[in-house]
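Chemist: I would like to see how this sequence folds:
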Amino acid sequence: MLALAAATGSADGQAARDPLLDPFFAPEQGDTRAVLVLNDGRVAAKRYAPGYSDANRFISWSMAKTVTAMLVGELVADGRLALDAPASVAEWRQPNDPRGAITLRHLLTMSSGLRHTEVGRPIENSDTNQVLFVGGTGDMAARAIAQPLEARPGAKYEYSSLTSIILSEIVARALTGSRDPRERAKAYRRFAEERLFRPAGIRSVVLEFDGAGTQVGGSIVHMSLPDWGRFGMLLLDGRSLAGAPVVAPDWLAFMKTPAATNPGYGGQTWLNRARPGAAVMFPDAPATVASAEGHLGQHVTVSPDSGTGRGVVVVRLGNTPDAEVKVGQRLIGRTLAEHFPRSR
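Modeler: Residues are numbered from 1 along each chain as shown. From the prediction side, this is the model:
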């Protein structure tokens, strides 16, 4: 297995600059901190901005949603959760509560119908900001679960980090009946390590939890650049860098299947297809591209129909204003098209 720490020319990616990555560090890309490109599981290019190296862990922001979906899939594979059964949220099981119709599929595809506001006007009215940074940190899932419906489950797409926190809570409840925050976090962390991270060779991951022991599965996971590359291989074909199966093929196929309410979104994963009111994310790239996307320009983008063998993974980490993120997406699409045409 090729060690992902081995960059072109040096262990930290600072020397022997590959011109392939020059555009990623151009001023119009904002504050790019790290980029890794894998072709068929091998390092094609890797670079850090000054001050960053393999020793750093980088925050996921919303890329965490795709991690959470993979953990949900492990419980579905075990028969402890069911995709099209009512979600196992006891608070919604009261008589005449219409939220009882919400399924796991609805939550995974952001079509629960719950009244969640991802980006408020003004910004402090965002449910996400209120829960993550103001008054909801003690029990984020409770705030998310308590919201009423604003649409029939399955009828409307609405992106929501609180929905992903509900998914993390469902995972925790499936793993333990304890309400002790430390026990809940311990059970979640152990399951994630045993079923996802360790089989994938991911060693640097840090999961963050709220005061109730619920993993902040919509927003906060930390990994090194090489480990985000390993995660990309899971998203690419469900296998570790060495080729060991980790994510079941049928679950990965579900994650990459367009949702009924948004063809550009799958199961907590973005797809390279036109969305209502928006073009494809990665112009020029194959339609089979899928991506974990995060606030401020975090990307783990995979293309099974680019490059050679298993395909290509592009990881870009940094701090780019969200209004400018499309510039980076266009660059990823152009990079796949121009530098990694499919070799049959």
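Chemist: List the beta-bridge partners for Arg239.
Modeler: Beta-bridge pairing for Arg239 (DSSP bridges): Pro245.
Chemist: His106 touches Pro153, doesn't it?
Modeler: Yes: between His106 and Pro153 a contact is recorded at 4.9 Å, counting by CB atoms under 8 Å. In short, each C-beta sits where N, CA and C put it, glycine included.
Chemist: Between these two, point out the one with more neighbours.
Modeler: His106 (25 against 21; other CB atoms under 10 Å).
Chemist: show me the contacts for the more buried one.
Modeler: By CB atoms under 8 Å, 6 or more residues apart in numbering, His106 lies in contact with Ala87, Ser112, Gly113, Pro153, Gly154.
Chemist: repeat for Asp127
Modeler: His116, Thr117, Glu118, Gly120, Arg143, Ala144, Gln147, Ser160, Leu162.
Chemist: picking that back up, pick the one among the contacts of His106 closest to Thr301.
Modeler: Checking the contacts of His106 against Thr301 by CB to CB gives Ser112 as the nearest, at 26.1 Å.
Chemist: Assess the claim that Ile59 and Trp228 are in contact.
Modeler: No: using CB under 8 Å, Ile59 is not in contact with Trp228, being 10.6 Å away.
Chemist: which of the two has more neighbours?
Modeler: Trp228 (29 against 19).
Chemist: Let me know how buried Val37 is, in neighbour terms.
Modeler: 28.
Chemist: my guess is it is in a helix, correct?
Modeler: No: in this structure, Val37 is strand, not part of a helix, as judged by DSSP: H, G, I helix; E, B strand; the rest coil.
Chemist: can you give me the strands in this protein?
Modeler: 31-39, 42-48, 58-59, 206-207, 221-223, 270-271, 290-294, 298-303, 312-319 (DSSP state E).
Chemist: by contact count, what packs against the fourth one?
Modeler: Going back to what we said before, that points to strand 206-207. Using 3 or more CB pairs under 8 Å, 6 or more residues apart in numbering; DSSP states H and E, the elements in contact with strand 206-207 are helix 181-192, strand 221-223.
Chemist: That one: partners in the sheet, and parallel or antiparallel?
Modeler: In the sheet, strand 206-207 lines up with strand 221-223 (antiparallel) (DSSP bridges).
Chemist: With the longest one instead?
Modeler: Pairing partners of strand 31-39, with direction, according to DSSP bridges: strand 42-48 (antiparallel), strand 312-319 (antiparallel).
Chemist: could those strands go into CSV alongside distance to Ala34 and mean pLDDT?
Modeler: Below are those laid out as CSV (distance: least, CB to CB, whole Å; pLDDT from 0 to 100):
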stretch, distance to Ala34, mean pLDDT
strand 42-48, 5, 98
strand 312-319, 5, 98
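Chemist: Could you say which of those is packed most deeply?
Modeler: When the strands paired with strand 31-39 are scored by mean count of other CB atoms under 10 Å, the highest mean neighbour count falls to strand 312-319 (a mean of 26).
Chemist: residues making contact with it?
Modeler: Contacts for strand 312-319 (CB under 8 Å, 6+ apart): 24, 29-39, 44, 49, 58, 225, 228-229, 232-233, 235-236, 296-303, 306, 328, 332, 335-336, 340.
Chemist: For the closest residue to Ile102 other than its chain neighbours, give its distance to Asp84.
Modeler: Distances taken as CB to CB, 6 or more residues apart in numbering place Pro153 nearest to Ile102, at 4.6 Å, with adjacent residues excluded. As judged by CB to CB, to the nearest Å, Pro153 and Asp84 stand 11 Å apart.
Chemist: what separates the residue lying closest to Asp305 once chain neighbours are set aside from Val247, distance-wise?
Modeler: Among residues not flanking Asp305 along the chain, Pro286 sits closest, at 4.2 Å (CB to CB, 6+ apart). Distance of Pro286 to Val247, computed by CB to CB: 20 Å.
Chemist: list the residues that contact both of Pro153 and Asp84?
Modeler: With CB under 8 Å, 6+ apart as the test, Pro153 and Asp84 both reach Thr103.
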